[in-house]
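K.L.:
fold the stuff below for me.
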Amino acid sequence: MWKEFKSFIMTGNVIDLAVAVLLAGAMGLVVNGFVNDIMMPFVGHFASGLDFASLKIVLDEAVIASDGTVEKAENAIMYGKWINTIINLVIVGFVLFMIVKAYNKTKKPEAPAAPAGPSDNDLLKEIRDLLKK
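P.N.:
Next up is the predicted model:
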């Protein structure tokens with residue numbers, strides 16, 4: 001069983017998949033950094049300096065004791081974080097679309113298919129006709 005597992009793990013497909021997963025994780029960090037650190041400040045600027053992450057609907061206010069400790073935390077719907085996530089998704093989707101589009105342009109166009117020869121039935125009909133003569 002150990003030998004089977006070792007041969008499975010050492011196949012090219014599993015190693016390729018592992019490399020792809022690691023690269024995807026690194027690429028995810030790069031894209032998230034780009035979106036959060038570069039794109040979101042532009043979005044906030046054009047939204048009159050509004051930070052979407054701070055938008056919320058408070059259901060229950062926080063209860064704070066006289067000594068300043070929080071007895072009961074605030075209960076709120078943080079819809080601003082969700083808006084940030086949607087904007088992040090749109091930006092990442094657009095960036096990936098542009099990457100795939102650029103990649104597709106670099107691929108060589110496929111050669112046109114060779115003209116199809118006569119089918120098996122056509123060849124058999126020709127042989128039949130030649131035999132009749």
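K.L.:
so where do the strands sit in the chain?
P.N.:
Here the chain has its strands, by DSSP state E, at 57-60, 63-64, 70-72, 75-77.
K.L.:
make CSV from these and add mean pLDDT and distance to residue 101 to it.
P.N.:
Where C-beta positions appear, they are placed from N, C-alpha and C, glycine not excepted. Formatted as CSV, these follow (pLDDT from 0 to 100; distance: least, C-beta to C-beta, whole Å):
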stretch, mean pLDDT, distance to residue 101
strand 57-60, 89, 39
strand 63-64, 87, 53
strand 70-72, 84, 50
strand 75-77, 90, 37
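K.L.:
can I get the ones you listed in TSV with distance to residue 100 and mean neighbour count?
P.N.:
Output for these, formatted as TSV (distance: least, C-beta to C-beta, whole Å; neighbours: other C-beta atoms under 10 Å):
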stretch	distance to residue 100	mean neighbour count
strand 57-60	38	10
strand 63-64	51	12
strand 70-72	48	10
strand 75-77	35	12
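K.L.:
redo those strands as CSV? Include distance to residue 127.
P.N.:
Listed next are the strands of the chain as CSV, based on distance: least, C-beta to C-beta, whole Å:
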stretch, distance to residue 127
strand 57-60, 82
strand 63-64, 95
strand 70-72, 92
strand 75-77, 79
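K.L.:
closest one to residue 131 among those?
P.N.:
strand 75-77 (84.3 Å; C-beta to C-beta).
K.L.:
ok, and what's touching the closest one?
P.N.:
56-60 (C-beta atoms under 8 Å, 6 or more residues apart in numbering).
K.L.:
listing partners with orientation, what would you give for that strand?
P.N.:
Within its sheet, strand 75-77 is paired with strand 57-60 (antiparallel), according to DSSP bridges.
K.L.:
may I have the partner strand as PDB, with CA atoms only?
P.N.:
This file holds the C-alpha atoms of strand 57-60, laid out as PDB (Å, rounded to 0.1, in the frame of the first residue of the first chain):
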ATOM      1  CA  ILE A  57     -26.900  48.400  10.600                       C
ATOM      2  CA  VAL A  58     -26.700  48.200  14.400                       C
ATOM      3  CA  LEU A  59     -29.300  45.700  15.700                       C
ATOM      4  CA  ASP A  60     -28.200  45.900  19.400                       C
END
